[in-house]
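1. got a predicted structure here, sequence first:
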Amino acid sequence: MGVNVKQLAAEKAVEYVMDGMKVGLGTGSTAYWAIAKLGERVREGLQVTCVATSRASEEQARGLGIPLVGFGEIGSLDLTIDGADELDGKLQLIKGGGGALLREKIVAANSTRMIVVADESKAVHTLGKFPLPVEIVPFAWEWTVAELAKLGGVPQLRRSGEELYLTDNGNYIADCHFEVITSAPELALALQAIPGVVEHGLFIGIASLAIIGRNDGTIDILEGESHR
Ligand SMILES: O=C[C@H](O)[C@H](O)[C@H](O)COP(=O)(O)O
């Protein structure tokens, strides 16, 4: 049986969780394994208080008996562990493939440390092959999508079967196909300037460490240039 590289990376990240910490729980198939491992440690007596970044992660954590609070009850966190759709050598990330980017960014930006966990397929030289998720309000979405198109990526409104996909916050996602993002900070500024954009999936200067699981069963740990 092959190694589960997502699990490998996620479980390594959980070693950074110490007793008494306030922890942000990410979303997705890699973060899933971090929550599962944290559940094990909680069963063994680890004391933590956690905030979930999606309904799915909240349900998983609740089922494992992990103590959860609303973000407003604590306001800041010691550590967030989350996955990514792409990460580069500066630990700039694309996130939001699972639609949870807004809550993920709020939680990660308010954490002293964010550890990103991923399998080696997510590590890229230049961001952009993975379509950049942008959360937009449903009001006047046609206009917002047209503005997004002016930035050079090809936006496509995300669907869920016949319906438009709705985030946990009741918004739409436009997946913007750039192929190559030459400057993530410049693109981030341009996206933020469009009325109707709630948040975008570029995480810049937020991740402080990346734990990457390799197919041969080894792990790479990269330090980032987090501003915190
Ligand atoms: O919205 C979803 C999140 O940003 C995920 O962390 C990201 O899509 C990576 O997910 P996965 O670990 O399933 O590839």
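-> Noted; the coordinates are in hand. Worth saying up front: this structure is predicted, and the values here are computed from it rather than measured.

2. so A109 versus I115, what's the distance?
-> A109 is 14 Å from I115, where distance means Cβ to Cβ, to the nearest Å. Placement of C-beta: from N, CA and C, glycine included.

3. these two - which one has more neighbours?
-> I115 (28 against 16; other Cβ atoms under 10 Å).

4. check the secondary structure at the more buried one for me.
-> With DSSP: H, G, I helix; E, B strand; the rest coil as the basis, I115 sits in strand.

5. that one contacts G83, doesn't it?
-> No: taking contacts as Cβ atoms under 8 Å, I115 lies outside contact range of G83: 10.3 Å.

6. tell me which parts of this structure are close to the ligand?
-> Taking Cβ under 6 Å from any ligand atom as the contact definition, the chain meets the ligand at 26-31, 82-85, 95-101, 104.

7. ChimeraX command for the buried members of those residues?
-> In ChimeraX, a selection of the buried entries from the residues of the chain next to the ligand looks like this (16 or more other Cβ atoms under 10 Å):
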select :26,27,28,30,31,82,83,84,85,95,96,97,98,99,100,101,104
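
8. among the residues of the chain next to the ligand, which are in strands?
-> The members of the residues of the chain next to the ligand that map onto strands under DSSP state E are D82.

9. any idea how many residues pack against the residue nearest to L151 when sequence neighbours are not counted?
-> In space, L151 comes closest to A190 once its chain neighbours are excluded; the distance is 5.5 Å by Cβ to Cβ, 6 or more residues apart in numbering. Other residues lying near A190 total 17 when counted by other Cβ under 10 Å.

10. dihedrals phi and psi, A190?
-> Per-residue torsions, A190: phi -60, psi -40 (degrees, to the nearest 10).

11. again, but for the one 5 residues further on
-> Per-residue torsions, P195: phi -60, psi 140 (degrees, to the nearest 10).

12. the longest helix in the chain is where?
-> Ranked by residue count and defined by DSSP state H, the top helix of the chain is helix 31-43.
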